[in-house]
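Chemist: Need the 3D shape of this:
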Amino acid sequence: MSEHRVNPELLHRTAWGNPVWNALQSLNIYGFCLVASLVASFIWPLALPACLLFTLITMLVFSLQRWRGPLRMPMTLECADPSQDRMIKRSLFSFWPTLFQYEVILESPASGIFYVGYQRVRDIGRELWLSMDDLTRHIMFFATTGGGKTETIFAWAINPLCWARGFTLVDGKAQNDTARTIWYLARRFGREDDVEVINFMNGGKSRSEIILSGEKTRPQSNTWNPFCYSTEAFTAETMQSMLPQNVQGGEWQSRAIAMNKALVFGTKFWCVREGKTMSLQMLREHMTLEGMAKLYCRGLDDQWPEEAIAPLRNYLQDVPGFDLSLVRTPSAWTEEPRKQHAYLSGQFSETFSTFTEAFGDIFAEDSGDIDIRDSIHSDRILMVMIPALDTSAHTTSALGRMFITQKSMILARDLGYRLEGTDSDALEVKKYKGRFPYLCFLDEVGHTIRTVLLWKPLRCVHWILL
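Modeler: Next up, the predicted model:
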């Protein structure tokens, strides 16, 4: 077996410059040279002129260096950032570009906008800044319990407040001090009116006791209707994200998804036509076989377009044992279609009972207090507090998936779909880009899936995942 030597120049190469020149620009080497010159002049007085000349050259080389930060330079300095220099080739003659080429350094202005912190080991106290290009690569950091992840988020949240922008915080193991700290920061900047909270914490209190006691205290959460302004695909994807993951009966679950799409399309068309607000409670009422049949009959009586009736009709025809000619007489139906439909609707029963009963005070039947799309585009401060102790792992994960799916659907709408037309009409995403990015903090990211699918599209609208 033959072995080929690796060219050392491919492994050890110097980037832009001479090692001696770089060494003379080091603070430690510079100090050593000054001390060595001073000691040499005392030991050998005749070497004093040479030591003075050496000291002068060393000082000149050190003073010619360009100061640079550990990461990026803040844009407020209004100077060039050496960390973004690029080496380009130029020619002495424009009419003959390949003749007499030489390399020059192309400088870029400082663009640091995100203050990360300061160095704590070497060169302690030097500020760490990131630019927009750095941020759009997104940030993920790990630490053990008590490692300071949440405190770091608090510190980084000051950046969007200084930009007069908003941000989103999803806490998968929420505590009330998190929301209070964010509110304190917002009040410090005079933006307490922009704070919105979706608080799923109940402190272990019984929902039945609260209802029975008739407690009328100030609600601890804004209300939210995830389906109020949603499209059919948006609503179907959100409900699909609530289904249990990696469970047996995948065939039933796939059929349940098809049933859900027909239900959502019919219910959404009816709400738009009648001027009603779609909600979780309304979807639950229409999910029964009688409810879907009634919705289909209403479409026939009101002469809905064929595209609106077709999903309901196709589903009812696919239900084993269901006779479409008896759709108006439920008493004549056999037991088989009810049983088959119950298998499908049962996939969503746990989710609906949890969200409409346990969190019924949060999921509104009307438009609710919060429109997430408006919260993002209006630069509000939105917090989603998901408890980890008084809910099951499936419920916690479903809440996180619901919110992430909502944001992904909003992102899909902002990216647009038009291929023809002017840039102002087709490239809708340009309307939502700004000088500074929109930050999305995901504390305990393990409770929210689909995150990896958002990295590239989020970059297009200057949303940052942390």
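Chemist: Which strands and helices lie in contact with the host helix or strand of Leu263?
Modeler: Taking DSSP states H and E as the criterion, Leu263 maps to helix 250-274. If you count contacts as 3 or more C-beta pairs under 8 Å, 6 or more residues apart in numbering; DSSP states H and E, helix 250-274 packs onto helix 232-241, helix 280-286, helix 289-301, helix 306-318, helix 335-345. C-beta here means a position set from N, CA and C on the backbone, and glycine is covered the same way.
Chemist: Least confident of these, on average?
Modeler: By mean pLDDT, the lowest-scoring of those turns out to be helix 232-241, with a mean of 79.
Chemist: elements contacting that one?
Modeler: Packed next to helix 232-241, using 3+ C-beta pairs under 8 Å, 6+ apart, are helix 250-274, helix 393-415.
Chemist: what's the domain layout of the protein?
Modeler: 15-63, 69-135, 149-221+371-466, 223-368 (automatic domain parsing).
Chemist: Need those domains in TSV (columns: mean neighbour count).
Modeler: TSV is the format used below for the domains of the chain (neighbours: other C-beta atoms under 10 Å):
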stretch	mean neighbour count
domain 15-63	13
domain 69-135	14
domain 149-221+371-466	16
domain 223-368	17
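Chemist: right, and the ones you listed - which one's nearest Phe142?
Modeler: domain 149-221+371-466 (8.1 Å; C-beta to C-beta).
Chemist: Give the rounded mean pLDDT of the closest one.
Modeler: Mean predicted lDDT for domain 149-221+371-466 stands at 80.
Chemist: Return the distance of it from the chain's centre.
Modeler: 8 Å (C-alpha atoms, centre = their mean, to the nearest Å).
Chemist: can you pull out the strands in the stretch 51-200 of the chain?
Modeler: 86-91, 101-106, 112-118, 127-131, 167-171, 195-199 (DSSP state E, counting those that start in this stretch).
Chemist: Quick one: distance of stretch 370-387 to the chain centre.
Modeler: 12 Å.
Chemist: Likewise for stretch 77-84?
Modeler: 29 Å.
Chemist: Return the residues in contact with the closest residue to Gln347 other than its chain neighbours.
Modeler: Distances taken as C-beta to C-beta, 6 or more residues apart in numbering put Ala256 closest to Gln347, at 3.9 Å, once the chain neighbours are dropped. Neighbouring residues of Ala256 by C-beta atoms under 8 Å, 6 or more residues apart in numbering: 243, 344-345, 347-348.
Chemist: Can I get those in TSV including distance to Met292?
Modeler: Shown next, in TSV, are the contacts of Ala256 (distance: C-beta to C-beta, whole Å):
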residue	distance to Met292
Leu243	19
Leu344	11
Ser345	9
Gln347	15
Phe348	13
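Chemist: Isn't Ser279 up against Glu365?
Modeler: Yes: at 4.7 Å, Ser279 and Glu365 qualify as touching, with contact defined as C-beta atoms under 8 Å.
Chemist: got any residues that touch both of those two?
Modeler: Asn225.
Chemist: which residues does Asp171 contact?
Modeler: Counting by C-beta under 8 Å, 6+ apart, Asp171 touches 150, 178, 383-386, 443-444.
Chemist: To clarify, my last question referred to Val264.
Modeler: Here Val264 is in contact with 232, 235-236, 239, 283 (criterion: C-beta under 8 Å, 6+ apart).
Chemist: and these as a markdown table, adding distance to Asp374?
Modeler: A markdown table is the format used below for those (distance: C-beta to C-beta, whole Å):
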| residue | distance to Asp374 |
| --- | --- |
| Glu232 | 20 |
| Thr235 | 18 |
| Ala236 | 22 |
| Met239 | 22 |
| Leu283 | 22 |
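Chemist: Check the residues you listed and tell me the two furthest apart.
Modeler: Longest span within the contacts of Val264, C-beta to C-beta: Glu232 and Leu283, 11.8 Å.
Chemist: quick revisit: what's the closest of the strands of the stretch 51-200 of the chain to Leu439?
Modeler: Comparing the strands of the stretch 51-200 of the chain by C-beta to C-beta, strand 167-171 comes nearest, at 4.2 Å.
Chemist: Name every strand pairing with that closest one and say which way it goes.
Modeler: Paired with strand 167-171 in the same sheet, following DSSP bridges, are strand 381-385 (parallel), strand 438-443 (parallel).
Chemist: Can I get those strands in a markdown table including distance to Glu127?
Modeler: Output for the strands paired with strand 167-171, formatted as a markdown table (distance: least, C-beta to C-beta, whole Å):
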| stretch | distance to Glu127 |
| --- | --- |
| strand 381-385 | 25 |
| strand 438-443 | 19 |
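Chemist: among those strands, which is nearest Tyr102?
Modeler: Per C-beta to C-beta, nearest to Tyr102 of the strands paired with strand 167-171: strand 438-443, 42.9 Å.
Chemist: Angles on the backbone of the closest residue to Ile362 other than its chain neighbours, please.
Modeler: Nearest residue to Ile362, sequence neighbours excluded (C-beta to C-beta, 6+ apart): Ser221, at 5.4 Å. Ser221 adopts backbone torsions of phi -150, psi 150, taken as degrees, to the nearest 10.
Chemist: still on that earlier bit, in TSV: the helices and strands packed on helix 232-241, plus distance to Arg72.
Modeler: What follows is those, written out as TSV (distance: least, C-beta to C-beta, whole Å):
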stretch	distance to Arg72
helix 250-274	46
helix 393-415	27
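Chemist: quick one: which of those helices is nearest Asn199?
Modeler: Of those, nearest to Asn199 by C-beta to C-beta is helix 393-415, at 11.4 Å.
Chemist: got the CA positions of the closest one in PDB?
Modeler: What follows is helix 393-415, C-alpha atoms only, in PDB (Å, rounded to 0.1, in the frame of the first residue of the first chain):
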ATOM      1  CA  ALA A 393     -44.900  15.600  28.900                       C
ATOM      2  CA  HIS A 394     -47.200  15.100  25.900                       C
ATOM      3  CA  THR A 395     -49.300  18.200  26.800                       C
ATOM      4  CA  THR A 396     -46.100  20.300  27.300                       C
ATOM      5  CA  SER A 397     -44.800  19.200  24.000                       C
ATOM      6  CA  ALA A 398     -48.100  19.800  22.300                       C
ATOM      7  CA  LEU A 399     -48.300  23.300  23.500                       C
ATOM      8  CA  GLY A 400     -44.700  24.000  22.300                       C
ATOM      9  CA  ARG A 401     -45.400  22.400  18.900                       C
ATOM     10  CA  MET A 402     -48.600  24.400  18.500                       C
ATOM     11  CA  PHE A 403     -46.800  27.700  19.000                       C
ATOM     12  CA  ILE A 404     -43.900  26.800  16.800                       C
ATOM     13  CA  THR A 405     -46.300  25.600  14.100                       C
ATOM     14  CA  GLN A 406     -48.100  28.900  14.400                       C
ATOM     15  CA  LYS A 407     -44.900  30.800  13.800                       C
ATOM     16  CA  SER A 408     -43.900  28.600  10.900                       C
ATOM     17  CA  MET A 409     -47.200  29.300   9.200                       C
ATOM     18  CA  ILE A 410     -46.900  33.000   9.700                       C
ATOM     19  CA  LEU A 411     -43.400  32.800   8.200                       C
ATOM     20  CA  ALA A 412     -44.800  30.900   5.200                       C
ATOM     21  CA  ARG A 413     -47.300  33.700   4.700                       C
ATOM     22  CA  ASP A 414     -44.700  36.400   4.900                       C
ATOM     23  CA  LEU A 415     -42.400  34.700   2.400                       C
END
